[in-house]
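Undergrad: need a 3D model of the following:
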Amino acid sequence: MNKETADKIEHELFELMQKNEFKKAIAFVHGYLDSGEEIEINLQYNFFRALGVAYFSFAEYKESEKWFLKLIEALKKSETNIFQLARAYIGLGGCYFHDNRLSESEVCFLKSEDFFKQANDKIGLGYVYNWLGIVYSEQEKVFMALEMDMKALSIAKEVNNNQIIVATQNSIGLQYFNLKDYDKALYYFTEALKEISSINNLTVEADLKNNLGMVYRRLQEFDKSKSFLNEALKIRKENFPHDFKRLGHTLANLGATEYQFYELKEARLHLIESLEVYSKISNYYGFHQKIICQLAMIALKENNPTEALEFVHKYEEIRTETGSESVIDLYHNTLSEYYVYLGDYEKALEEYNLFAELNIAEEKESLKHILENFELRMDYEKQKTEAEIFRIRNEELAKVNETKDKLLSVIAHDLRGPIANIIEVLKLLSFDYNSIPEDELDIIIGELLSDTQSVYELLQNLLSWARKQMNT
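TA: Residues are numbered from 1 along each chain as shown. As a prediction, the model looks like this:
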């Protein structure tokens, strides 16, 4: 194949990819690869990348992974393809992410970050930071995720890239959702959805509508929740039926909303469908365990304790086979409800005590996690602000101080929210938990209230100190 022919083929392929005609692009590339004709090396790179991107667009991640790996293997033989390697690793990382292989995904994105830095490509870095934010969010590293998202958003605004702006606003909304700040989550999701028409990306549109459905469920606005989730489900089924992780999430979210809305028949159907979908990805056990507990609760509400117990046994089988104790608190709550149904209040109380202890422990662990990150975040923001002050002078100093005020306000909010949640839990326990022996109840409430008040006093002291520092 001479260079003129290779250039012509490359141009035709470029046109197909630009028009998102991925089916035609796949057939076009395979036609040449299957012909046995010798293919010029740069054209070969483009073929591999085109197949990786095209299969990814159809959520056929295993097939996409195969071609990105072929591309990386070919590119490694040349030291001049830094930019191409960066793009290949970001594609491979996306494949791993959608197969729930988060650690492998993170490694790919970090390699991609290094190569994009070498290539001095800001747009590429924006995509990498957005992806890393998503990965860290899945790993429940909320502050690391927020840091990556803010980096991505800063780059996206600098280069005026709406694709990254919308994707990053969605990611930031997820971080606030995980922090239980549903108003801020709703703001970022809504802002991103306003711009969705400017990027023509159905995957992101479905993500946003799914996430809005989750927020509205937490806000008890079930009609809005169902509306957004049904729209997301329609997009996923029609366009991305093989994107099993996302499809499973939307089905599970819709089932959860219908359950809370007491539409038990519909909830059951969607939850069972989500089980089937999740089983097609790696490490799906945690997803299954949560849905199995929800199905058990539905069975109880439908006066079918036998089926409820069967679901409980399925949870236990997964735990025995895999060692997974995902949503173990929900498991004990389900058993408590089961024993209440049977009238065995002693066992019901025993299981509910375990549920309450796990819930409290989870809240304490969440608070501890936030506190551990608090000092690091303060140092990070202080260093960033000082570097900015050093770089700019005169009139810009006032803007930096304003930025510091805003940052401190955000930090205060991050800490106050979880503390308020803990206090509410304690209030509920102290008012409603008469069945716990008084000596145990006094110990739990006394210990947690003491811890919470101490942390709150620490926050006030830190904020007072910060204000004094800003005024000096």
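Undergrad: so, low pLDDT: which residues of this protein?
TA: Low-confidence segments of the chain (pLDDT under 70): 1, 79-80, 366-421, 424-426, 428-436, 440-441, 444, 451, 458-459, 461-472.
Undergrad: if I look at Asn161, how far off is Thr203?
TA: 16 Å (Cβ to Cβ, to the nearest Å). C-beta coordinates here come from the backbone N, C-alpha and C atoms, glycine included.
Undergrad: enumerate every residue touching the nearest residue to Phe83 once chain neighbours are set aside.
TA: In this structure, Phe83 finds its nearest non-sequential neighbour in Ala119, 4.4 Å apart by Cβ to Cβ, 6 or more residues apart in numbering. Contacts for Ala119 (Cβ atoms under 8 Å, 6 or more residues apart in numbering) come out as 82-83, 86.
Undergrad: of those, closest to Val340?
TA: Nearest to Val340 out of these is Ala86 (Cβ to Cβ; 56.5 Å).
Undergrad: wait, doesn't the closest one sit right on Leu125?
TA: No. With contact defined as Cβ atoms under 8 Å, Ala86 does not reach Leu125; the gap is 9.0 Å.
Undergrad: so what sits against both of these two?
TA: Phe116.
Undergrad: so these two - more neighbours on which side?
TA: Of the pair Ala86 and Leu125, Ala86 is the one with more neighbours under other Cβ atoms under 10 Å, namely 25 against 21.
Undergrad: leaving out the residues flanking it, which one is nearest to the more buried one?
TA: Using Cβ to Cβ, 6+ apart, the closest residue to Ala86 is Phe115 (3.5 Å).
Undergrad: isn't the one you found right up against Asn81?
TA: No. Under the criterion of Cβ under 8 Å, Phe115 makes no contact with Asn81, lying 9.2 Å away.
Undergrad: which residues does Leu309 contact?
TA: 296, 338.
Undergrad: that one and Ala192, how far apart?
TA: On the measure of Cβ to Cβ, Leu309 and Ala192 end up 43 Å apart.
Undergrad: what's the helix or strand containing Leu254 packed up against?
TA: Using DSSP states H and E, Leu254 sits within helix 244-260. Contacts defined by 3 or more Cβ pairs under 8 Å, 6 or more residues apart in numbering; DSSP states H and E place helix 244-260 against helix 82-98, helix 202-218, helix 222-239, helix 264-278, helix 285-301.
Undergrad: wait, which of those is closest to Lys245?
TA: Here helix 82-98 is closest among these (Cβ to Cβ), at 5.4 Å.
Undergrad: angle of that closest one against helix 244-260?
TA: 40 degrees (axes from the mean of the first three to the mean of the last three Cα atoms, to 10 degrees).
Undergrad: can you name the secondary structure element that comes next after helix 82-98?
TA: Helix 82-98 is succeeded, C-terminally, by helix 102-119 (DSSP H and E).
Undergrad: buried residues in that following helix?
TA: 102, 105-106, 108-109, 111-113, 115-116, 119 (16 or more other Cβ atoms under 10 Å).
Undergrad: got the angle between that helix and helix 82-98?
TA: 160 degrees.
Undergrad: how far away from the center of its chain is the very next helix or strand once past helix 102-119?
TA: Using DSSP H and E, the helix or strand that follows helix 102-119 in sequence is helix 122-138. Distance of helix 122-138 from the chain centroid (Cα atoms, centre = their mean, to the nearest Å) equals 12 Å.
Undergrad: elements contacting helix 122-138?
TA: Counting by 3+ Cβ pairs under 8 Å, 6+ apart, helix 122-138 packs on helix 82-98, helix 102-119, helix 142-159, helix 162-178.
Undergrad: what's the angle from it to helix 142-159?
TA: 160 degrees.
Undergrad: re earlier: in the helix holding Leu254, what counts as buried?
TA: For helix 244-260, the neighbour count (16+ other Cβ under 10 Å) marks 244-259 as buried.
Undergrad: from these, pick the one nearest Lys290.
TA: Out of these, the member with the shortest distance to Lys290 (by Cβ to Cβ) is Ala252, at 7.5 Å.
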